[in-house]
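# prediction below, plus the sequence it came from.
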Amino acid sequence: MPPPAHGYEFGGPLGAFAISLSAPATTYALYFICSEDGCPSSSFLRDPVGNIASKWPGLSVAFDWDVTKHYFLWYLALVAMYFVLPGKTGEGVVLSNGKRLKYKFNGYASMLTVWGYCGFMTFREGFGWPLWAYLWDNQLQLMTGALVFSITLAFYCYISSFFTGEILANNTGNFFYDWFLGRPLNPRIGRLDLKVFSELRPGMILWPILNFASLAHQYNTHGKITDSMILVNFFHLWYVYDALHNEPAVLTTMDVTTDGFGFMLSFGDLMWLPFNYSIQCRYLAMHPFELGPLGVAGVLAVQGLGYWIFREANREKHDFRTDPNDPRLAHIKYMETKSGSRLMITGWWGIARHINYMGDWIMAWAWCLPTGYRGPFSYFYVVYFAILLLHRERRDEAKCKLKYGADWKRYTGLVPSRIVPGIY
Ligand code: NDP
């Protein structure tokens, strides 16, 4: 079977197989290894596999028909909002067939509808509103529901891509590799773009809701809400709010322009992101921690710095790609390339080739520091995210080398740092 032009990614079919098993297993493991009784201790680390295996309650507990049904209804409710709620229409980047797809931007309205409803009910009924306890008590079963949905979605996209004649992102002929990386680039059901929809809505909107369930649990079991819990809730809420407020910006990200929609993204969007990104709040719900005024100030400074770099760099690139002649970008120098696309060589993108990743990673610290330091568990996100960004930068570099050829070499000569200016 022919590998793609830039070679197999993620270790090829074997790597795809290994990640398909280990990523869900890691999500379950993260759920189990930290409980009210304590989080990983040195004895746990001596035999992690044995310890986790001993906590696995069996599929009959981890899977529940009703909860899975609720997860499917959650996804469908958001689909209904996509069609019913108003929103502007925009176009994606130019595709290899010269066309541009249309997208409806009402993720922001969907988010406000869901969060507004939850906020109103909590205002009326307090932290005793049954949804909060339901989400806390059934998190394991919800995770399984999300996993079942993401597997189903990946199969649907893989199979339908043989009949729809759409543009393919991966077509090696190896079932596992194509199913994992995603065969179709932009799978759609009617006007609904499954990739862009899944990328920003079911998992992203759920993530702060799970955080809030942790906040309610902390209040209901410990009788207080710590400053650290408020900060992490606020940071995550802001990140998601920002992503949906800037919804069109997703159209120029690598996930949308380059990657296929298969198990990697459907699982990442629906299971990995909401359940693993919310573990700091889950941890704080079980093991409260007060930062104090100095700690709060320090963490806010880290978050502010990271967010500023992240948002401004992403905004600059999005504006430039949407309209290179935008008068707001008149101060930016760029180089012409044979591919027809210009590359910015000053501004944020002249400082490092992925300065936006650095901002995002700085924010990752602000999301973990509020947990204090009582073991490595609550720092999972910082470590995992560093690995993701390092690997993602290499993938993007390979893609750009292929697209820009000698021009990319010229660009890397002008902007030598990959992520951290002057260091990496
Ligand atoms: P980027 O936004 O970093 O975009 C990379 C693309 O930008 C390149 O492929 C190239 O595409 C274009 N580009 C590169 N250099 C230049 C330049 N000098 N001038 C103009 N265009 C340039 O892609 P990502 O999707 O990786 O990241 C988007 C954001 O999402 C980041 O902030 C990242 O941190 C975040 N993210 C967060 C995740 C999370 O789980 N929290 C996961 C993944 C990403 P082309 O030239 O073809 O247009």
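Looks like it arrived, so ask away.
# ranges for the strands of the stretch 201-350 of the chain?
334-335, 343-344 (DSSP state E, counting those that start in this stretch).
# just the stretch 1-150 of the chain next, same as before
Under the criterion DSSP E, counting those that start in this stretch, strands of the stretch 1-150 of the chain are mapped to 88-91, 102-105.
# of those, which is nearest the ligand?
Using C-beta to the nearest ligand atom as the measure, strand 88-91 is the one of those that comes nearest the ligand, at 14.8 Å. No exception for glycine: its C-beta is placed from N, CA and C like everyone else's.
# list the strands paired with the closest one, with their directions.
Next to strand 88-91 in the sheet, as set by DSSP bridges, lie strand 102-105 (antiparallel).
# for the strand it pairs with, list the C-alpha coordinates in CSV.
Taking Å, rounded to 0.1, in the frame of the first residue of the first chain, the C-alpha atoms of strand 102-105 are listed here in CSV:
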residue,chain,number,x,y,z
LYS,A,102,-19.6,27.2,3.3
TYR,A,103,-19.9,27.0,7.1
LYS,A,104,-22.6,28.3,9.5
PHE,A,105,-21.1,30.0,12.5
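# what comes up buried for it?
Judged by neighbour count using 16 or more other C-beta atoms under 10 Å, the buried positions of strand 102-105 are 103-105.
# just stretch 318-329 next, same as before
Buried-residue list, stretch 318-329, by 16+ other C-beta under 10 Å: 318-321.
# next: stretch 138-152.
Within stretch 138-152, the residues scored as buried using 16+ other C-beta under 10 Å are 138-151.
# and stretch 330-344, by the same measure?
Result for stretch 330-344 [16+ other C-beta under 10 Å]: buried residues 332, 334, 337, 341, 343-344.
# those residues: which two are farthest apart?
Taking C-beta to C-beta, the two most distant members of the buried residues of stretch 330-344 are 332 and 337; they sit 15.3 Å apart.
# wait, residue 158 sits on residue 181?
No: Residue 158 is beyond contact range of residue 181, at 10.2 Å (criterion: C-beta atoms under 8 Å).
# name the residues contacting each of the two.
Residues touching both residue 158 and residue 181 by C-beta atoms under 8 Å, 6 or more residues apart in numbering: residue 262.
# for the stretch 201-350 of the chain, which residues are neighbours of the ligand?
Within the stretch 201-350 of the chain, the residues that sit near the ligand (C-beta under 6 Å from any ligand atom) are 253-255, 310, 314, 317, 320-321, 341, 343-344, 349.
# not counting sequence-adjacent ones, nearest residue to residue 7?
Using C-beta to C-beta, 6 or more residues apart in numbering and skipping the chain neighbours, the partner closest in space to residue 7 is residue 398 (7.8 Å).
# residue of the stretch 51-200 of the chain nearest the ligand, please.
Per C-beta to the nearest ligand atom, the residue of the stretch 51-200 of the chain with the smallest distance to the ligand is residue 93, at 7.2 Å.
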